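Could you look at this predicted model? Sequence included:
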Amino acid sequence: YASIASTAGKAIKCDLGVNILGGQLLLNVSGNSEYDSAENDTSSAACIKTDTNLSISGGKHTLKSTGTGGKGINTDGAITINGGETSVSTSGSEYIYSSTLSSSPKAIKADGNITINSGTFNISASSNSDGAEGLDCGGTLFINGGETFVHAYDDAVKVSTDIAISGGKIYAYSQTKDGIDTNGSFIISDGTAVGIGSGNRRSGINASESSQFIINGGNVISLGGMLQVQSPTSLQDGTTCKNITAKAGETLSIVADSDKQTILSLQLPRDINKEVILFSTPKVSKTNTYTPQTSTSTTDTWCGIDTY
């Protein structure tokens, strides 16, 4: 257990890498960011800061950062999650030193790749501040297993290069931006990916170009005010329903017109108004048409989502 209140303080700081094999960590940092004259840059508080890589293989960990520009996990290298249950949250606002130098609160920030193989990862960036992102990956995001939940004011998941999903589940919800945003390709072959973006011209899942939004398998739901069309080279069909309006807490079901069977359902985390959903499951066919239906029924399935 550690509780750090100093400016730009770190609960765990390592000049090399950190390997967490198990046990329990409860880390709280509340200090604000500051200007570091030696680095000519900002320095922010962090629950864990490493100069190289971080890996978590087990245990139950809770990391909380509340200061301006604070980070939950901040690593100059890569992050690998092989197990355990890790919850990371930030609630501080943006730290502004000057018109050209600032630090945004981020629950997870890695300059390198992030790989999630197993375990449970709960991520939250709750302040109403630009740049308050849940997971910020400077390399490639690999999701091979586990369950990842991300809630953020800004982009829930932001990736500088590519996203590759071959298993596991990820649910990413943004209040004002994209649920999942990558500057490269988004490729899924198995598993489940759910992105819920803002209704204000934002996508649930946003790749750099439609040609790089590739669905080869698994279950995909992208809900928001703007549509990112999947690549025609995708091996699995996907389709869309537009102009959907419903209330938070209602269940949105997608029904195949051919046999009136429900192929997926989603309990809505917020009100939606004339928004669009792109969806793909192994049962979706471009030769069929689909109708969205809403109800007040609830479900206790994973994140309120069911694929039939």
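Yep, that arrived. Residues are numbered from 1 along each chain as shown.

where exactly do the strands run in the stretch 201-308 of the chain?
205-206, 213-215, 219-224, 239-246, 251-256, 262-267, 272-280, 290-295, 305-307 (DSSP state E, counting those that start in this stretch).

now those strands in CSV, with mean pLDDT?
As requested, the strands of the stretch 201-308 of the chain are arranged in CSV below (pLDDT from 0 to 100):
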stretch, mean pLDDT
strand 205-206, 96
strand 213-215, 97
strand 219-224, 97
strand 239-246, 96
strand 251-256, 96
strand 262-267, 95
strand 272-280, 96
strand 290-295, 96
strand 305-307, 93
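
With respect to P232, which of these lies nearest?
Nearest to P232 among the strands of the stretch 201-308 of the chain is strand 213-215 (9.6 Å), distances taken as CB to CB. C-beta coordinates here come from the backbone N, C-alpha and C atoms, glycine included.

Determine how far the closest one lies from the middle of the whole chain.
Remark: strand 213-215 is offset 17 Å from the chain centroid, using CA atoms, centre = their mean, to the nearest Å.

C-terminal to whatever helix or strand K64 lives in, what's the next element?
Using DSSP states H and E, K64 sits within strand 60-65. For strand 60-65, the following helix or strand on the C-terminal side (DSSP H and E) is strand 71-75.

strand partners of that next one, parallel vs antiparallel please.
Strand pairing for strand 71-75, determined by DSSP bridges: strand 46-50 (parallel), strand 106-110 (parallel).

Let me have those in a markdown table, extended by mean neighbour count and distance to N243.
Putting these into a markdown table (neighbours: other CB atoms under 10 Å; distance: least, CB to CB, whole Å) gives the following:
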| stretch | mean neighbour count | distance to N243 |
| --- | --- | --- |
| strand 46-50 | 27 | 43 |
| strand 106-110 | 28 | 33 |
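
Can you give me the buried ones in the strand holding K64?
H61, T62, L63, K64, S65 (16 or more other CB atoms under 10 Å).

quick one: which of the residues you listed is nearest I4?
S65 (9.6 Å).

Show the average pLDDT along stretch 21-38.
When pLDDT is averaged over stretch 21-38, the result is 96.
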